[in-house]
Structures are given as structure tokens and as C-alpha cells.
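Q: Got a predicted model here, sequence first, then my questions.
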Amino acid sequence: MVKLIVNLDTHKPRHKLADVMRWTKDIGMFTLDRSREDSCIHKPDCCDATCFNNKLEKAFGHAIEPKDIKNDDAWYDNDTKGLAKALSRKRNQISRVRLMSRGEAFKDMADTTRVMRILRDNPNSIFWIPTRAWRDKELWDKIKDIPKLFDNVRILWSFDPSNSTADWKLSVDSGQSVMFYGDDELLSDPVTKERMFKCPKTHKKLDGHCNICKGGCFRMDKRVIVHLKQH
């Protein structure tokens, strides 16, 4: 266990992350969510048109809103030890968990502490975190140090067709892996011309493949650009 430089325990939670955790069959892992309205503050304009959650809200909006309230309450109370106990009792795989399937894990600086508490108290799970928070330089300067403290996290920059050449170059210069979505024809990094890794789950419709995939989002030995097919 690493020696932390921040106080990660500041309150006793009332709402339980374990109560809002859900099994997501198509990616084959448990996920935690937040409301988009509260957390997606780093999104570009194109998110409003392309986010897959739009379809869910149109179909199940009446059920999603009260769920979002519970998700946000649990996220802010951050019962990470309770989450660890719940995961340990699950029959489905717990080696990989996603933050977030809905919403953004890193809204602000306080979220970096929340995420670190989750990583600390759940060392047997690798947490997969696609994020737009790289768009906030001060916040990203804090986030980028988290993998130096914990080896059970995979953080990818979330990109789309609105990203500029300068954004792509920034990801190259930082050695940062990218998850790209929104253009099925763009299959190479615009800067390095490196071929993107086609996500087997979205390109080959291999439901549940995310929990065993070795070539994409969970790769650590090199920078990788994961291409998600539109759906």
C-alpha cells in the first residue's frame, strides 16, 4: 500500500455505493454512475448530440431521474469500504469495474480524493475510467498522478470528432491513451497515423468482452487509441 499524501477519510457515509452499483452485461462488469447534469461539465458540444445516454433517457427518462439522485447521493457519500464488501460477495467477475458508464468520475478536485479512496479500498479490482476532465488542465494535473499511487486504475482520455489536431498532439506528447467515438471512418491517430485498436465489443459485438480484453482500454505497456464503433 502506498503512503498517501492526502486525507482520504473525512466523514461517515450515509448512502451506499454498493446499493447503486449495477452489473452491465454488455461490457461484462460492474459499473457506478452519476447524473450527467451534475458531473458532465467537461463535455464538448457534440456530446449533446452523440451520447448514447440520449437514447436511454428518451426511452426510460421517468425511471432514470430518481436513479440519478440516488447515484449522486452515493457518490458524494463515498462508502468505499462498503463497496469492497459488496464486490467480494458477488458471483460475477470483480477484477474490472467501470467508472462511469453514465456521467463523469472527475468533475472537480474533490472527486480525485473520492476516486483514490475507491482505489485504496478495492485493491483487487482494476477501475476503468474514461474521462473528459483532461480538458481542465489544473484538474488533469491532479488526476494524472493517481496511476503513480495506485496500479489498479486505467484512465483514458475520451475523444470525439470535435477534438482538434492540437488535442491529439497533446495526448501524444503526454503518452496518454485515448478512447475515440463518433466517426467510424477515422481509424488512425491524426498526428502519428498509428492505427487505432478496434474495440471488439463494439466492432464485433462481443458482449462481455471488456472484462477479458488485453489489447485495448486495459493495456499499460504502450499508448493505445481505442476506436468505438457508433451504436
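A: Nice, I can see it. Numbers count the residues shown, from 1 in each chain.
Q: Give me the below-cutoff pLDDT ranges for the chain.
A: 1-13, 40, 44-63 (pLDDT under 70).
Q: same thing but at 50, please
A: 1-6 (pLDDT under 50).
Q: any idea which residue sits dead centre in it?
A: residue 129 (2.5 Å; C-alpha atoms, centre = their mean).
Q: In this structure residue 217 contacts residue 227, no?
A: No - Residue 217 is beyond contact range of residue 227, at 11.2 Å (criterion: C-beta atoms under 8 Å). Where you see a C-beta, it was placed from the backbone N, CA and C, and this is true even at glycine.
Q: thinking again about what came up before, okay, and the beta partners of the residue nearest to the centre of the chain?
A: Listed beta-bridge partners, residue 129: residue 155 (assigned using DSSP bridges).
Q: which ones are touching it?
A: Contacts for residue 129 were tallied using C-beta atoms under 8 Å, 6 or more residues apart in numbering; they are 98, 99, 100, 105, 106, 115, 153, 154, 155, 156.
Q: pretty sure residue 220 contacts residue 154?
A: Yes - between residue 220 and residue 154 there is a contact under C-beta under 8 Å: 7.3 Å.
Q: Now do stretch 65-81: everything it contacts.
A: By C-beta under 8 Å, 6+ apart, stretch 65-81 touches 11, 13-20, 32-38, 102-103, 114, 117-118, 120-122.
Q: All the strands of the protein, residue numbers only.
A: Ranges of strands in the chain, per DSSP state E, are 22-24, 29-32, 96-99, 126-131, 153-159, 178-181, 197-198, 225-228.
Q: need those strands in JSON lines with distance to residue 78, can you?
A: Formatted as JSON lines, these follow (distance: least, C-beta to C-beta, whole Å):
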{"stretch": "strand 22-24", "distance to residue 78": "17"}
{"stretch": "strand 29-32", "distance to residue 78": "11"}
{"stretch": "strand 96-99", "distance to residue 78": "12"}
{"stretch": "strand 126-131", "distance to residue 78": "14"}
{"stretch": "strand 153-159", "distance to residue 78": "16"}
{"stretch": "strand 178-181", "distance to residue 78": "25"}
{"stretch": "strand 197-198", "distance to residue 78": "33"}
{"stretch": "strand 225-228", "distance to residue 78": "28"}
